[in-house]
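S.K.: my questions are about this predicted structure, shown below with the sequence.
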Amino acid sequence: MISHPFAYRSPETVAEAVDLVSAAPDRTRVLGGGTWVVPECNRGESSPDVLVDLRRAGLDRIELVDDVVHVGATSTYAALMSSSIVDRHLPMLAAMARGITGGGQLQSQGTIGGSVVAARPQSDAPAVVAVLGATLLLAGPQGERRVSGEAMFEGASRSGVRPDEILTRLEIPVQGAARWGYYKLKRSASSWPIATAACLVHRDGSGSVTDARLVLGGVSGTPVHVNINSVLVGDGVGPDRVDEAARLAAASVHSPWDDELAPGSYRLAVTHPVARRSLAMALPQEDA
Ligand SMILES: Cc1cc2nc3c(=O)[nH]c(=O)nc-3n(C[C@H](O)[C@H](O)[C@H](O)COP(=O)(O)OP(=O)(O)OC[C@H]3O[C@@H](n4cnc5c(N)ncnc54)[C@H](O)[C@@H]3O)c2cc1C
């Protein structure tokens, strides 16, 4: 239970929400699904004067617009799992949502926007959003601005969303024919990820790899982008090059994340196999 007194607001438009948040950014918390904010308030770690609940602000639509999927910030994991647009055009995002722990209640309440703004190193969403090339739309008192998913994560639990702004939606280009892999290492079925790897591989008509992207999650304070194009672009990709790309991933982790789930040394040690499994999902023949 939240024991301190607070005002609850439930705006019906983004403009109204921005007005509420920007009136007193330091004393206001935005609620997406509240799965993170409410426990923090219950524990007394946060005691905002105002809670601004976005669930009636019309930010839960998922639409396809010219080969770009618009995912409203308050779309829940359950909505991502049941959307035919996400299933068809962003299967990696759907798979990520299916793998979120916490059961049906968490999946029906937790939002993609809340996970992105919270920017926790151990969360699934940041690396997936980054590898998919998402652009984030932010609304604030000065109007709207766009930030790339790559530039979004500034530090552990620190996204580029300012206290007087609201994340309204993610714009994610369709995956098209790109093959993908998403692998996460967890302690148990119900625990948060220790390390994740998300990759996308594009090929031309002859099967040559034209673009390959890999982003690691959980292993550092922010998602780690690995330049695997230098190893995988071209034809003749085989197990050796897949392994080399995974080794490159392990070498790209410079400040391993350390927490109660696992020490940094463990995360460093598992990065290679986690990256390799993700790459093997996207390149099954080449890895055989
Ligand atoms: C039991 C349990 C299991 C979990 N398992 C996993 C897991 O396996 N993988 C994983 O990645 N996560 C996991 N989580 C975390 C969960 O996924 C996140 O808490 C959830 O996605 C956050 O979304 P939310 O909408 O509930 O966030 P909220 O609690 O509503 O908000 C989180 C933060 O973002 C801000 N915020 C929210 N929406 C917006 C917005 N649109 N604009 C601006 N600011 C905003 C809030 O003010 C707050 O600071 C778990 C949580 C629990 C409780």
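M.R.: Alright, I've got the coordinates.
S.K.: can you name the residue of the stretch 101-250 of the chain nearest the ligand?
M.R.: At 2.2 Å from the ligand, residue 114 is the closest residue in the stretch 101-250 of the chain, using Cβ to the nearest ligand atom. No exception for glycine: its C-beta is placed from N, CA and C like everyone else's.
S.K.: quick one: that residue is in a helix?
M.R.: Yes. Counting by DSSP: H, G, I helix; E, B strand; the rest coil, residue 114 is found in a helix.
S.K.: can you report how many residues neighbour the residue nearest to it when sequence neighbours are not counted?
M.R.: Among residues not flanking residue 114 along the chain, residue 32 sits closest, at 3.3 Å (Cβ to Cβ, 6 or more residues apart in numbering). Residue 32 has 27 neighbouring residues, counting by other Cβ atoms under 10 Å.
S.K.: related to what we said a few turns ago, quick one: contacts for the residue of the stretch 101-250 of the chain closest to the ligand?
M.R.: 32, 33, 34, 35, 36, 37, 73 (Cβ atoms under 8 Å, 6 or more residues apart in numbering).
S.K.: that older thread, what's the spacing between the residue nearest to residue 114 and the ligand?
M.R.: 3 Å (Cβ to the nearest ligand atom, to the nearest Å).
S.K.: and that residue, backbone torsions?
M.R.: phi -90, psi -90 (degrees, to the nearest 10).
S.K.: how near is it to residue 231?
M.R.: 38 Å (Cβ to Cβ, to the nearest Å).
S.K.: and what of residue 281?
M.R.: 17 Å.
S.K.: tell me which of these two has more neighbours.
M.R.: residue 231 (22 against 19).
S.K.: in the worst-scoring helix or strand of the chain on mean pLDDT, what counts as buried?
M.R.: Within the chain, no helix or strand scores below helix 149-152, which has a mean of 87 by mean pLDDT, DSSP states H and E. Under the neighbour-count criterion of 16 or more other Cβ atoms under 10 Å, helix 149-152 has 149, 152 buried.
S.K.: how distant is it from the center of its chain?
M.R.: 10 Å (Cα atoms, centre = their mean, to the nearest Å).
S.K.: check which helices and strands that helix sits against.
M.R.: helix 125-131, strand 135-140 (3 or more Cβ pairs under 8 Å, 6 or more residues apart in numbering; DSSP states H and E).
S.K.: please save the CA atoms from the first one in CSV.
M.R.: Looking back up the chat, that one is helix 125-131. Below are the C-alpha coordinates for helix 125-131, written out as CSV (Å, rounded to 0.1, in the frame of the first residue of the first chain):
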residue,chain,number,x,y,z
ALA,A,125,13.3,-4.4,-23.8
PRO,A,126,16.3,-2.0,-24.2
ALA,A,127,18.6,-4.3,-26.3
VAL,A,128,15.6,-5.4,-28.4
VAL,A,129,14.4,-1.9,-29.1
ALA,A,130,18.0,-0.8,-29.9
VAL,A,131,18.7,-3.7,-32.3
